[in-house]
Structures are given as C-alpha cells and as structure tokens.
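**Q** Take this sequence and fold it.
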Amino acid sequence: MKYLVIAAFVAIIGSLGAALFFMMRGGQAAGDEQDGQAPPPSTNHMARALAFRVGFSILLFIVVLVSWRMGWIQPTGVPMGR
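**A** Presented below is the predicted three-dimensional model:
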C-alpha cells in the first residue's frame, strides 16, 4: 500500500510539473513552431495535465478510503473524540 501511495504522489507531482512546463511554453506542444504563419490550433496540453492531476488526486483519495474501510490500513495519530 505504501508503494501505491508513493507512485500516486509521483504521478500527481509529475502531472503538475508537465502543466507548469506547458504553461511556460505558452500552451504550445514541443513540435509547434511559429514562423510568421497563423498559429496552430490550441492543443490544451496544460489543461489535460491539470485534469490528470485532479484525477490522480481523486483516485488516491478513493483508494485510501476503500483501503481503510476494508481494513488494509489502520489510522494512526491523534485519537478522535477527546
């Protein structure tokens, strides 16, 4: 379970980094060039990367919640109700 959470966090951070990369490039794909002609249609790479990040975050939350309900993981830390 620990490795699954680590892999999900790596995917979330990687997706966030990809969104930053595409934002800094102005939304252009790596092969897009502007040589005085009309710009190519927007490919929305940044929006797609952010959507993947949100999806990975929701998936991680659901996996942790289901794992807790199935008894695969146990909560630790401050006891509730005090």
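**Q** Residue ranges in this structure under the pLDDT threshold?
**A** 26-43, 80-82 (pLDDT under 70).
**Q** quick one: the strands in this structure?
**A** Using DSSP state E, no strands are found in the chain.
**Q** For burial, what's the neighbour tally of the residue lying closest to Phe9 once chain neighbours are set aside?
**A** Of all residues not flanking Phe9 in the chain, Leu60 sits nearest, at 7.6 Å (Cβ to Cβ, 6 or more residues apart in numbering). C-betas here are computed from N, CA, C, even on glycine. Using other Cβ atoms under 10 Å, Leu60 has 17 other residues around it.
**Q** Please name the residues that touch Leu60.
**A** Contact analysis of Leu60 by Cβ atoms under 8 Å, 6 or more residues apart in numbering lists Val5, Ala8, Phe9, Ile12.
**Q** so the first one touches Val64, yeah?
**A** Yes: Val5 lies in contact with Val64 (Cβ atoms under 8 Å); the separation is 7.3 Å.
**Q** buried sites along stretch 53-62?
**A** Neighbour counts over stretch 53-62 (16 or more other Cβ atoms under 10 Å) mark Arg53, Phe56, Ser57, Leu60 as buried.
**Q** just to revisit the earlier point, can you tell me how far the residue nearest to Phe9 sits from Val66?
**A** 11 Å (Cβ to Cβ, to the nearest Å).
**Q** Ok, Phe9 next?
**A** For Phe9 relative to Val66 (Cβ to Cβ), the value is 18 Å.
**Q** swap in Arg25?
**A** 38 Å.
**Q** try Asn44
**A** 31 Å.
**Q** And Ala47, by the same measure?
**A** Taking Cβ to Cβ, one finds Ala47 at 29 Å from Val66.
**Q** Please, where are all the helices along this protein?
**A** Secondary structure of the chain (DSSP state H): helices at 2-24, 45-70.
**Q** Reformat the ones you listed into a markdown table and put distance to Thr76 next to each item.
**A** A markdown table is the format used below for these (distance: least, Cβ to Cβ, whole Å):
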| stretch | distance to Thr76 |
| --- | --- |
| helix 2-24 | 13 |
| helix 45-70 | 11 |
